[in-house]
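1. Got a predicted structure plus its sequence, pasted below:
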Amino acid sequence: MPETAASVKPAKSSSPYTRSNPFPAKLTVNRRLSGPESEKDTRHFEVDLAGWGLSFEVGDSMAVYPTNDPALVNEILHALGAKGDESVPVAKNQKSFREALLRDYSITQPTPKFLKAIVERASAAPMLKELLHADRKQDLVDFLWGMEVIDFLVEHPSAKFVPEEFVGLLTKLQPRLYSVASSLRAFPDQVHFIVDVVTYESNGRLRKGVCSTFMAERADNVPVPVYPSSAKHFHLPEDGDTPIIMVGPGTGIAPFRAYLQDRQATGAKGKNWLFFGAQRESCDYAYKEDFARFKRDGILTRLDCAWSRDQAHKIYVQHKLLENAAEIWKWIDGEGAQFFVCGDARRMAKDVDAALRKIVQEHGGKSVEQANEYVEKLKNNKRYKRDVY
């Protein structure tokens, strides 16, 4: 799962760690998976959980509690004319302004309260004032793309805030949820992640994903606080003989690497079919060696990859599903396979869903309505599971 703020469901345990007191784990491996010519910086992280007394299952996610970029904190302090040692409220305590901006408040995305305060205090912000009208919501969303709190402070130096007022305009810094990419049965006392490190330029400024760059750039010598979040809807079938079909392009591959490790460790006999997709085979093939080993060991029954940029026309995982439609129908209808999808909700998951319905319609000899009914029944029977974001 990529970097998204998340609410964390508590894990049942007698451990002293809770979601408000996460386990201070240690980052032990920070390895780039994507090649130098890739358009993405995809990383494999390994985190040491020794002594934590908690647990997770494959299919679960882990909340990672990042700290903000110190360079950005310094820029905000400078723009506000603050020293950083001023006292500000954090929950029911007081902390220095610098520490609060580093650890407790979200300092990138501007809140509606912050934008209104800029309009009220700046000597002139006519465009922003106009965009804050209720009927301009979409225009405001478009305008705010790639804009951060620091942009408004720099562009409107006449808008003055004392530290306590400023933090009152921010929201709490939330943990980010990432799908676990390893099984405790294969790697006791560890959790692995696959993460796309988010960096991009807008308004002449380099932007950085809070948690992905925390792990990639700043977590080597500091604790990486983590806490498990159960995703019961996305667990493996209880019967290890049940075949599974897994569709996980990009970082959506995470839970399926964990599934294969788990099935190997438990000696599960069920067949496993993986569909993976990325831009280019030469530089974006995450966990290539792992999957080759799973194939050699007889754990991975079938592997179909879609490389979208390796030819003139784009090939995605849904195209590979349709190419294998008859066999997929046989696995699902004839052998009771479960169908798992992990990754991008906006486009990929919708396209995969449409492909599945088409397969059911054409190979099951069903009308559109009957095919839709069949797929909905798969969902209700927990045989079609999605972890999309």
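-> Everything's here; your move.
2. in the helix or strand containing residue 352, what counts as buried?
-> In this structure, residue 352 is located in helix 348-363 according to DSSP states H and E. In terms of neighbour count (16 or more other Cβ atoms under 10 Å), helix 348-363 has its buried residues at 348, 349, 352, 353, 355, 356, 357, 358, 359, 360, 361, 363. In this view, the C-beta of every residue, glycine as well, is placed from N, C-alpha and C.
3. do stretch 112-127 as well
-> Using 16+ other Cβ under 10 Å as the test for burial, stretch 112-127 gives 114, 115, 117, 118, 119, 122, 125.
4. quick one: the fourth one and residue 132, what's the gap?
-> Taking Cβ to Cβ, to the nearest Å as the measure, residue 118 falls 10 Å from residue 132.
5. Then the second one?
-> Taken as Cβ to Cβ, the spacing of residue 115 relative to residue 132 amounts to 6 Å.
6. before we move on, the earlier item: what is the orientation angle of the next helix or strand after the helix holding residue 352 with helix 348-363?
-> Counting by DSSP H and E, the next helix or strand C-terminal to helix 348-363 is helix 368-380. With axes from the mean of the first three to the mean of the last three Cα atoms, to 10 degrees defining the directions, helix 368-380 sits at 120 degrees from helix 348-363.
7. Kindly export helix 368-380 (C-alpha atoms) in PDB.
-> The C-alpha trace of helix 368-380 is given here as PDB (Å, rounded to 0.1, in the frame of the first residue of the first chain):
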ATOM      1  CA  VAL A 368     -24.300  -9.100 -18.400                       C
ATOM      2  CA  GLU A 369     -26.700  -9.200 -15.500                       C
ATOM      3  CA  GLN A 370     -25.900 -12.800 -14.600                       C
ATOM      4  CA  ALA A 371     -22.200 -12.200 -14.800                       C
ATOM      5  CA  ASN A 372     -22.500  -9.200 -12.500                       C
ATOM      6  CA  GLU A 373     -24.600 -11.300 -10.100                       C
ATOM      7  CA  TYR A 374     -21.900 -14.100 -10.200                       C
ATOM      8  CA  VAL A 375     -19.100 -11.600  -9.400                       C
ATOM      9  CA  GLU A 376     -21.100 -10.000  -6.500                       C
ATOM     10  CA  LYS A 377     -21.600 -13.600  -5.100                       C
ATOM     11  CA  LEU A 378     -17.900 -14.100  -5.300                       C
ATOM     12  CA  LYS A 379     -17.400 -11.000  -3.200                       C
ATOM     13  CA  ASN A 380     -20.100 -12.000  -0.700                       C
END
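8. Pull up the distance across stretch 31-47, start to finish.
-> The distance separating the two terminal residues of stretch 31-47, taken as Cα to Cα, to the nearest Å, comes to 12 Å.
9. Could you do stretch 212-222 as well?
-> 15 Å.
10. contacts for that stretch?
-> With Cβ atoms under 8 Å, 6 or more residues apart in numbering as the contact definition, stretch 212-222 has outside contacts at 2-3, 27, 30, 41, 43, 45, 64, 66-70, 176, 193, 195-199, 224.
11. hmm, try it at 6 Å
-> Applying Cβ atoms under 6 Å, 6 or more residues apart in numbering, the contact partners of stretch 212-222 are 3, 27, 43, 45, 66, 195, 197, 198.
12. could you give me the average pLDDT of it?
-> Predicted confidence along stretch 212-222 averages 97 (mean pLDDT).
13. got the buried residues for it?
-> For stretch 212-222, by 16+ other Cβ under 10 Å, it's 212, 213, 214, 215, 216, 218, 219.
14. go on, stretch 129-139?
-> In stretch 129-139, residues buried by neighbour count (16+ other Cβ under 10 Å) are 131, 132.
15. Between the two ends of it, how far is it?
-> The first-to-last residue distance of stretch 129-139 comes to 12 Å (Cα to Cα).
16. for stretch 70-89, same thing?
-> Across stretch 70-89, the terminal residues are separated by 19 Å (Cα to Cα).
17. and if you look at stretch 47-54?
-> 14 Å.
18. Please apply the same query to stretch 25-44.
-> Across stretch 25-44, the terminal residues are separated by 16 Å (Cα to Cα).
19. That one: which residues count as buried?
-> Buried-residue list, stretch 25-44, by 16+ other Cβ under 10 Å: 25, 27, 30, 33, 34, 38, 40, 41, 42, 43, 44.
20. what's the most distant pair in those residues?
-> Farthest pair in the buried residues of stretch 25-44 (Cβ to Cβ) is 25 and 38. Separation: 27.5 Å.
21. returning to what we had before: show me which of the buried residues of stretch 112-127 is closest to residue 294.
-> The closest of those to residue 294 turns out to be residue 114 (Cβ to Cβ; 48.3 Å).
22. Could you check how far residue 338 is from residue 233?
-> Taking Cβ to Cβ as the criterion, residue 338 is separated from residue 233 by 12 Å.
23. no wait, residue 365
-> Using Cβ to Cβ, we find residue 365 at a distance of 30 Å from residue 233.
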